[in-house]
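J.: sequence plus predicted model, see below.
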Amino acid sequence: MIDYETFSKIKALHRQGLTFAQMAKELSLDARTVADWLQQPHFRPRKTAPRASKLDPFKASVIRMLEAHPYSVTQVFQRLKEEGYAGGHTTLKRYIRTVRPKRAPAFLTLDFAPGECAQVDWGEFGTVRVGSTRRKLSFFVMVLCHSRMMFLRFSVSQTMEHFLACHQDAFAFFGGVPQRVMVDNLKSAVLKRLVGQDPLLNPRYLDLANHYGYTIVPCAVGKGNEKGRVESGVGYIKKNFLNGLEITEFDAINPAARIWLDSIANVRIHGETKQRPVDLFQSDKACLGPLPSLPNEIGTIMPVRASSQFRVSFETNRYSVPAEFSSSTLTLKVSPDHICVYHHDRLVARHVRSFDRHQDFENPDHPRELLAYRRKAREQKLMMRFLAISPKAQDYYQELATRRFNPNHHILKIVALSEIYGNENVAKAIEDAALIIVSAITTLTQQAAIFSVSAQDAASQVSLAGRFESVNAQTSLSACSQKTALPPLCHPNV
């Protein structure tokens, strides 16, 4: 007797044109066996002849016992031994496995009035790329029990703030609030169950329920059938929307889900009601409670300490705060879309929340004050070094500022010269330059009075004279650098 796999190989080799002998050699069979099976259109399993069993006289008794009560195999075995059964326990067990009636649990069909109840649940479906990493793809479903009108929102997290935000979005989608919301025993809704007591609800979820005016109805433990409408909805989404869907980026899936809801899910003929959910929704909507004027606060608040690099960390990512709050204790408020940082009651930083991992996000304004402070400190230190060169340095600086030159640029060069030639030589040059400037201004002022030269022309001549003297000073500096004696600085341009 051959098995089905060998039978399939015989058929395949025959289609390839092999002879009986060739097929028999290939499969290690007799040629007559190959010929016999080629004549069969279908595979025929071996038929075993029924054998008499010691259990045969007691089979009717076994069936009567099982129909009366779901006895165990051991209980039936003990009763049969009292009746004279001499067979084995395994034989009885094998027989009971074939005849024991399968009893499926019975469920009541629940009916709901319009606007009375909604059911919510999370679903999961693989992963999705977010930035440089991958996240588990979750989706939140809310179904109105009367009309089967469905709301769908995809997320990469099932945290408390996402759970609450999805409720708010669902109520806005329906345009009202049902009287009751049935939920599973997830920690976002139910913290603990004690025997003989009402379940301990999550206080944040209870706040949302009080704000919107609905009652939370947790299902019994292990009784997911109590919210069968949303369970069916989750399965329908996986089979109809997600099955075969290629998800390249997370940002594209929620707009696609909204199109699917409006064009397929909520306008199909529902298998249970035989009507379109969007048509039955009209009676649901008329009985929904009104939306509150303001949404509820859904952000998760936690203390956080900024690092010395003025960063706060959340979910492996780092977000900047103003530099003045480095190493400070701050308050972090996390919403599904944003990260807000507070110092006492003042908002000091706000970032778009990232679901990527190990990224750094900096607001360009946050280090600006620190950079300005450091720049000012460097300029102050440079000024102190410049003023220490000569008593005339202050007058020289004022003359630079008066004539609208770039004082810091020239001071930097002069301090650099003092490091090369020493403070004494540079101080003498500053004093000589101050004397030449005073002399040049006096001469040009007199010429302006004699020849009626305008003030603007006089200033231009002073500038030209300054440039001329600057060239002379630089030439003298190069010539005298070997003698360690610095020539006079004839003009601030040096």
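T.: Happy to help now that I have it.

J.: which residues of the protein fall in strands?
T.: With DSSP state E as the criterion, the chain has strands at 117-130, 133-144, 150-155, 180-183, 190-192, 200-201, 215-218, 300-305, 311-314, 317-320, 329-334, 338-343, 346-352, 360-361.

J.: would you turn those strands into CSV with mean pLDDT?
T.: Below are the strands of the chain laid out as CSV (pLDDT from 0 to 100):
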stretch, mean pLDDT
strand 117-130, 92
strand 133-144, 94
strand 150-155, 96
strand 180-183, 94
strand 190-192, 88
strand 200-201, 90
strand 215-218, 92
strand 300-305, 93
strand 311-314, 93
strand 317-320, 94
strand 329-334, 94
strand 338-343, 94
strand 346-352, 93
strand 360-361, 92
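
J.: now mean neighbour count and distance to Y4 too, for the ones you listed, in CSV please.
T.: From N, CA and C alone the C-beta is placed, and that goes for glycine too. Conversion of the strands of the chain to CSV gives the following (neighbours: other CB atoms under 10 Å; distance: least, CB to CB, whole Å):
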stretch, mean neighbour count, distance to Y4
strand 117-130, 19, 35
strand 133-144, 20, 41
strand 150-155, 22, 45
strand 180-183, 22, 49
strand 190-192, 14, 52
strand 200-201, 15, 57
strand 215-218, 17, 51
strand 300-305, 12, 59
strand 311-314, 17, 59
strand 317-320, 21, 57
strand 329-334, 17, 59
strand 338-343, 18, 62
strand 346-352, 14, 60
strand 360-361, 14, 62
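
J.: got TSV for these, with distance to A256 too?
T.: Compiled in TSV, the strands of the chain are given as follows (distance: least, CB to CB, whole Å):
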stretch	distance to A256
strand 117-130	12
strand 133-144	12
strand 150-155	9
strand 180-183	26
strand 190-192	32
strand 200-201	34
strand 215-218	31
strand 300-305	28
strand 311-314	29
strand 317-320	27
strand 329-334	27
strand 338-343	24
strand 346-352	22
strand 360-361	28
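
J.: closest to I389 out of these?
T.: When those are compared by CB to CB, strand 317-320 sits nearest I389, at 40.5 Å.

J.: just the endpoints, please. Distance across stretch 240-260?
T.: Taking CA to CA, to the nearest Å, the first and last residues of stretch 240-260 lie 9 Å apart.

J.: which residues touch the most centrally placed residue in the chain?
T.: In the chain, the residue lying closest to the centroid (CA atoms, centre = their mean) is F355, at 2.5 Å. F355 is in contact with V130, G131, R135, V156, S157, F250, E315, counting by CB atoms under 8 Å, 6 or more residues apart in numbering.

J.: for the nearest residue to L332 once chain neighbours are set aside, what are its contacts?
T.: Excluding the flanking residues, the one nearest L332 by CB to CB, 6 or more residues apart in numbering is V304, at 4.3 Å. Neighbouring residues of V304 by CB under 8 Å, 6+ apart: V312, S313, F314, T329, L330, T331, L332, V341.

J.: count the neighbours of R51 for me.
T.: 6 (other CB atoms under 10 Å).

J.: please tell me how far it sits from F77.
T.: Separation of R51 from F77 (CB to CB, to the nearest Å): 21 Å.

J.: repeat for R258
T.: R258 is 61 Å from F77, by CB to CB.

J.: returning to that earlier point: and the contacts of F355, which are buried?
T.: V130, R135, V156, F250 (16 or more other CB atoms under 10 Å).

J.: for the chain, where's the lowest mean pLDDT among helices and strands?
T.: Lowest mean confidence among the helices and strands of the chain (mean pLDDT, DSSP states H and E): helix 455-480, at a mean of 41.

J.: roughly how far does the closest residue to F250 other than its chain neighbours sit from Q380?
T.: Spatially, and ignoring its direct neighbours in sequence, F250 is nearest to V128 (4.8 Å; CB to CB, 6+ apart). To Q380, V128 is 53 Å away according to CB to CB.

J.: where does the stretch 351-494 of the chain have low pLDDT?
T.: 404-405, 437-494 (pLDDT under 70).

J.: and the protein, what are its domains?
T.: Residue ranges for each domain of the chain read 4-38, 56-99, 117-287, 300-366, 375-483, as given by automatic domain parsing.

J.: please compute how far the fourth one lies from its chain's middle.
T.: Taking CA atoms, centre = their mean, to the nearest Å, one finds domain 300-366 lying 16 Å from the centre of the chain it belongs to.

J.: what does the longest one give?
T.: How far domain 117-287 lies from its chain's middle: 19 Å, per CA atoms, centre = their mean.

J.: just the endpoints, please. Distance across it?
T.: Start and end residues of domain 117-287 are separated by 11 Å (CA to CA).

J.: please shift the residue numbers so they start at 16 in all later answers.
T.: Noted, 16 is the first residue going forward, which turns the last one into domain 132-302.

J.: ok, L28 - contacts?
T.: So L28 contacts Q37, M38, E41, L42 (CB under 8 Å, 6+ apart).

J.: ok, back up a step: comparing R273 and F92, which residue is more hemmed in?
T.: The neighbour comparison of R273 against F92 (other CB under 10 Å) goes to F92, with 19 against 14.

J.: and that one, what does it touch?
T.: Here F92 is in contact with Y100, H104, L107 (CB under 8 Å, 6+ apart).

J.: what is the neighbour count of the residue nearest to D294 when sequence neighbours are not counted?
T.: The spatial neighbour of D294 that comes closest, neighbours along the chain excluded (CB to CB, 6+ apart), is S162 at 8.0 Å. Residues within reach of S162, counting by other CB under 10 Å, total 25.

J.: output the below-cut-off pLDDT ranges for the stretch 166-315 of the chain.
T.: Looking at the stretch 166-315 of the chain by pLDDT under 70, you get 237-240.

J.: H425: neighbour count?
T.: Neighbour count for H425, taken as other CB under 10 Å: 19.

J.: repeat that for the one 5 residues further on.
T.: For V430, the neighbour count with other CB under 10 Å is 18.

J.: ok, now Y411?
T.: Neighbour tally, Y411, other CB under 10 Å: 24.

J.: from what I can see it touches I451, true?
T.: No. Between Y411 and I451 there is no contact under CB atoms under 8 Å: 11.6 Å.

J.: quick one: M398 from A442, how far?
T.: In terms of CB to CB, M398 sits 16 Å off from A442.

J.: before we move on, back to that, tell me which two in the buried ones among the contacts of F370 are the farthest apart.
T.: R150 and F265, at 7.5 Å, using CB to CB across the buried ones among the contacts of F370.

J.: okay, and the common contacts of the two?
T.: Contact criterion CB under 8 Å, 6+ apart; residues shared by R150 and F265: V143, V171, F370.

J.: and these, which is closest to Y251?
T.: V143 (20.2 Å).

J.: need the contact list for the closest one.
T.: Going by CB under 8 Å, 6+ apart, the list of residues near V143 reads R149, R150, L152, V171, I262, E264, F265, I268.
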